[in-house]
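Chemist: pasting a predicted model and its sequence here:
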Amino acid sequence: MKSPLVEITKLSFNRGSRIIFNNVNLDIERGKITAIMGPSGTGKTTLLKLISAQLEPTVGSIMVDGQNIHGLDQEELFEMRKRMGMLFQSGALLTDLDVFDNVAYPLREHTRLDERMIRYLVLIKLHAVGLRGAAQLMPSELSGGMLRRVALARAIVLDPMMILYDEPFSGQDPISMGVLMKLIKTMNDNLGLTSIIVSHDVNEVSAIADYIYIISDGQIMDQGTPAELEETASEWAKQFLKGLPDGPVHFHYPALDYAIDLFEIS
Amino acid sequence: MQHFLRKTVAVFESLGDRSLDSFERLGRSTLFLVRVFKSIPFVFLRPWLLIQQLYSVGVLTIVIVLVAGTFVGMVLGLQGYNILVRFNSESSLGTMVGLTLVRELGPVVTALLFAGRAGSALTAELGLMKTTEQFSALEMMAVDPFKRVIAPRFLAGFLSMPMLAAIFSAVGIYGGYYVGVYLLGVDDGAYWAQMQKSVDFHEDFMNGVWKTVVFGFVATWIALFEGYDSVPTSEGIGRATTQSVVNASLAVLGLNFILTALMLETS
Ligand SMILES: Nc1ncnc2c1ncn2[C@@H]1O[C@H](COP(=O)(O)OP(=O)(O)OP(=O)(O)O)[C@@H](O)[C@H]1O
Ligand SMILES: [Mg+2]
């Protein structure tokens, strides 16, 4: 049994006085697709940022490939990040470069390949996300879904060992959704990547994920393979996965009692 | 009474908060500057980055500087002539225009224009990059935004300012020449001769250059820091841009007084 690629132990994280994570333990297996699901605003993006050391945990440790990622100095961290790809929720393309140059950027920064080779690699990745024809467009000329697909091409262009996907499917039409699912799955299986997917799309995630964590209120509410989750399904997980409005899951951001709030006289 | 007390306490609280905030910002801006300095050697490995920024920071400001310099010089010619003619010394017009531009107006007005044109653009650009997570994306690609984005812009601003001020003074002197010599009939030779005779290289010219160096440094620093430290929302970018221009302009005017006092003291 291989050791997990990411081992999160006793993780706590606060934003001001708000507790985002409270004593969470979580493992990401090598070579698998692990999905992180949970209601909006529970800290899924935050978790990805903690794993990639963009944020520091308040308590606890995160080991990535056997190294405590928050104990690295900048140079070691950058070495580690060259082996990580991240798809940002917003895409986060460089606005002064066109699509081609955005995808070529990591190659130009970190390799000494000649232009012909770079062109070859970039076009392969852009073709994979269906945007080879958009290579000369500027990011401001793309739709939200296209932006995110370019960002995906950029995240995989260095062939990393691990990819963090923040909402890869949101804003995609059914066709590109299907293509992206297949792309994520084949990359993972053929290249031996480890993938972490944050997503709300229960059906898509269940179809490709090997393991699912459902987080809420700073805790792991449920975990397991898609099949296991379908069977065991705690009240909580059932409600979440089926998208029912009533049940133990709260749709509302924590607030005063509704009636008190409405009729409060200040 | 209770209400009044509460209000008073609240006023002091917010005052305290604000001064803590500004000390914290001062600290952060100093750390920011240290990181910029550490990243500057990298720029010499990638001169292309600097050239690009020299273009967008410096070259795009030249037109404004040319226009403003010409008009300021022409006004100096007019005003100077009207004052000097009362003492029958309009032949010293060249001295007056030259000294005013090189010692004061060249550095100061250029710095104000620089803050308004180049500084605000830098702040807005960095603010936008922060809001759209481009800095985070660079860091995730193992690229240091200080080396790649901020240091080249800093150097470009710092290097452009003296050149822009020199251009401002040069066209200003021609503007004064045009009004004084062509329109008002000051003697052509006297305009240049008087100027050459009385503008001292060390005392006047170099003092002006030192001012532009200081102003360029401060205005660029403020512009970049305001952008980097902005609240990552569209509202935050707007506020940072305004603050960048206001703070840089006030800093330039304040520093100008201090520098002038020091220079007169030591001369
Ligand atoms: N920069 C910040 N400062 C303060 N609080 C923040 C900041 N960013 C996020 N938060 C808070 O942290 C919580 C978790 O945010 P996060 O972006 O991780 O949620 P998420 O699970 O990714 O939600 P979504 O599915 O909507 O993307 C949110 O409730 C938000 O209020
Ligand atoms: Mg999110």
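Modeler: Received, thanks. Ligands and ions are numbered 1, 2, ... in the order given.

Chemist: need the helices for the stretch 51-200 of chain A, in chain order.
Modeler: Using DSSP state H, counting those that start in this stretch, the helices of the stretch 51-200 of chain A run over residues A:74-81, A:99-110, A:115-128, A:144-156, A:174-191.

Chemist: okay, buried residues for the longest one please.
Modeler: Residues of helix A:174-191 classed as buried: A:176-177, A:179-181, A:183-184, A:187-188 (neighbour count, 16 or more other C-beta atoms under 10 Å in any protein chain shown). The C-beta positions use only the backbone N, C-alpha and C, and glycine is treated the same way.

Chemist: want to throw those into TSV with pLDDT?
Modeler: TSV is the format used below for those (pLDDT from 0 to 100):
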residue	pLDDT
A:176	81
A:177	86
A:179	82
A:180	84
A:181	87
A:183	85
A:184	88
A:187	83
A:188	87
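
Chemist: winner for burial among the helices of the stretch 51-200 of chain A?
Modeler: Comparing the helices of the stretch 51-200 of chain A by mean neighbour count (mean count of other C-beta atoms under 10 Å in any protein chain shown), helix A:144-156 ranks first with a mean of 23.

Chemist: who are the packing partners of that helix?
Modeler: strand A:84-87, helix A:99-110, helix A:115-128, strand A:162-166, helix A:174-191 (3 or more C-beta pairs under 8 Å, 6 or more residues apart in numbering or on different chains; DSSP states H and E).

Chemist: would you say residue B:18 is within a helix?
Modeler: Yes. Judged by DSSP: H, G, I helix; E, B strand; the rest coil, residue B:18 forms part of a helix.

Chemist: quick check: residue B:207 touching residue B:103?
Modeler: Yes. Counting by C-beta atoms under 8 Å, residue B:207 does reach residue B:103; the two are 6.3 Å apart.

Chemist: ok so, going back, could I get the helices of the stretch 51-200 of chain A as a markdown table with distance to ligand 1?
Modeler: Below are these laid out as a markdown table (distance: least, C-beta to the nearest ligand atom, whole Å):
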| stretch | distance to ligand 1 |
| --- | --- |
| helix A:74-81 | 19 |
| helix A:99-110 | 23 |
| helix A:115-128 | 25 |
| helix A:144-156 | 13 |
| helix A:174-191 | 17 |
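
Chemist: and the closest residue in space to residue A:28 that isn't next to it in sequence, how many neighbours?
Modeler: Sequence neighbours aside, residue A:6 is the residue nearest to residue A:28 in space, at 3.8 Å (criterion: C-beta to C-beta, 6 or more residues apart in numbering or on different chains). Per other C-beta atoms under 10 Å in any protein chain shown, the neighbour tally for residue A:6 reads 20.

Chemist: for residue A:6, grab phi and psi.
Modeler: phi -120, psi 130 (degrees, to the nearest 10).

Chemist: contacts only, for it.
Modeler: Counting by C-beta atoms under 8 Å, 6 or more residues apart in numbering or on different chains, residue A:6 touches A:26-28, A:51, A:62-64, A:162, A:194, A:196.

Chemist: where are the low-confidence patches of the stretch 1-150 of chain A?
Modeler: A:1 (pLDDT under 70).

Chemist: tell me which element the residue of it found nearest ligand 2 is part of?
Modeler: As assessed by C-beta to the ion, ligand 2 sits closest to residue A:45 within the stretch 1-150 of chain A, at 3.1 Å. Taking DSSP states H and E as the criterion, residue A:45 maps to helix A:44-51.

Chemist: near ligand 1 at all, that helix?
Modeler: Yes. Using C-beta under 6 Å from any ligand atom, we find that helix A:44-51 touches ligand 1 at A:44-46.

Chemist: who are the packing partners of that helix?
Modeler: strand A:6-15, strand A:18-28, strand A:33-37, strand A:59-64, strand A:162-166, strand A:194-198.

Chemist: residues in contact with that helix?
Modeler: Counting by C-beta under 8 Å, 6+ apart, A:6, A:8, A:11, A:13, A:15, A:20-21, A:28, A:36-38, A:55-57, A:62, A:64, A:69, A:86, A:89, A:164, A:166, A:196, A:198, A:215, B:136 sit against helix A:44-51.

Chemist: residue 206: neighbouring residues, count only.
Modeler: Because you didn't say which chain, this covers chain A. With other C-beta under 10 Å as criterion, residue A:206 counts 17.

Chemist: switch to chain B, that's the one I care about
Modeler: Quick note: residue B:206 (other C-beta under 10 Å) scores 13 neighbours.

Chemist: got it, and residue A:96?
Modeler: 15.

Chemist: with residue B:101 instead?
Modeler: Residues near residue B:101, counting by other C-beta under 10 Å: 27.

Chemist: re earlier: tabulate the CA atom coordinates of the helix holding residue A:45 in PDB.
Modeler: Output of helix A:44-51 as PDB, limited to C-alpha atoms (Å, rounded to 0.1, in the frame of the first residue of the first chain):
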ATOM      1  CA  LYS A  44     -13.500  23.900  -0.300                       C
ATOM      2  CA  THR A  45     -11.500  26.600  -2.100                       C
ATOM      3  CA  THR A  46      -9.800  27.300   1.200                       C
ATOM      4  CA  LEU A  47      -8.800  23.600   1.500                       C
ATOM      5  CA  LEU A  48      -7.200  23.700  -1.900                       C
ATOM      6  CA  LYS A  49      -5.300  26.800  -0.900                       C
ATOM      7  CA  LEU A  50      -4.200  25.200   2.300                       C
ATOM      8  CA  ILE A  51      -2.900  22.100   0.400                       C
END
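
Chemist: residues of it that come out buried?
Modeler: A:44-51.

Chemist: same question for stretch B:200-208.
Modeler: B:204-205, B:207-208.

Chemist: phi, psi for the residue in chain B that ligand 1 sits nearest to please.
Modeler: In chain B, the residue that lies nearest ligand 1 is residue B:232 (7.8 Å; C-beta to the nearest ligand atom). When read as degrees, to the nearest 10, the backbone of residue B:232 gives phi -80, psi 60.

Chemist: how many residues are close by residue 194?
Modeler: Because you didn't say which chain, this covers chain A. 22.

Chemist: actually, chain B is the one I wanted.
Modeler: Counted with other C-beta under 10 Å, residue B:194 comes out at 21.

Chemist: would you check that it makes contact with residue B:97?
Modeler: No. At 9.8 Å, residue B:194 does not count as touching residue B:97 under the criterion of C-beta under 8 Å.

Chemist: still on that earlier bit, the helix holding residue A:45 versus strand A:33-37: what angle between them?
Modeler: 130 degrees (axes from the mean of the first three to the mean of the last three C-alpha atoms, to 10 degrees).

Chemist: from the chain's centre, how far out does helix A:44-51 sit?
Modeler: 8 Å (C-alpha atoms, centre = their mean, to the nearest Å).

Chemist: same thing with stretch B:52-59?
Modeler: 15 Å.

Chemist: likewise stretch A:63-74?
Modeler: Worked out by C-alpha atoms, centre = their mean, stretch A:63-74 lies 19 Å from the chain centre.

Chemist: list the buried residues in it.
Modeler: A:63-65, A:69-70, A:72.

Chemist: then stretch A:213-221?
Modeler: Under 16+ other C-beta under 10 Å, the buried positions of stretch A:213-221 are A:213-218, A:220-221.

Chemist: ok, that stretch near ligand 2 or not?
Modeler: No. On the criterion C-beta under 5 Å from the ion, stretch A:213-221 is out of touch with ligand 2, staying 11.7 Å away.

Chemist: ok, residues contacting that stretch?
Modeler: Counting by C-beta under 8 Å, 6+ apart, A:19-22, A:24-26, A:34-39, A:42-44, A:47, A:222-223, A:229, A:234, A:236-237, A:240-241, A:249 sit against stretch A:213-221.
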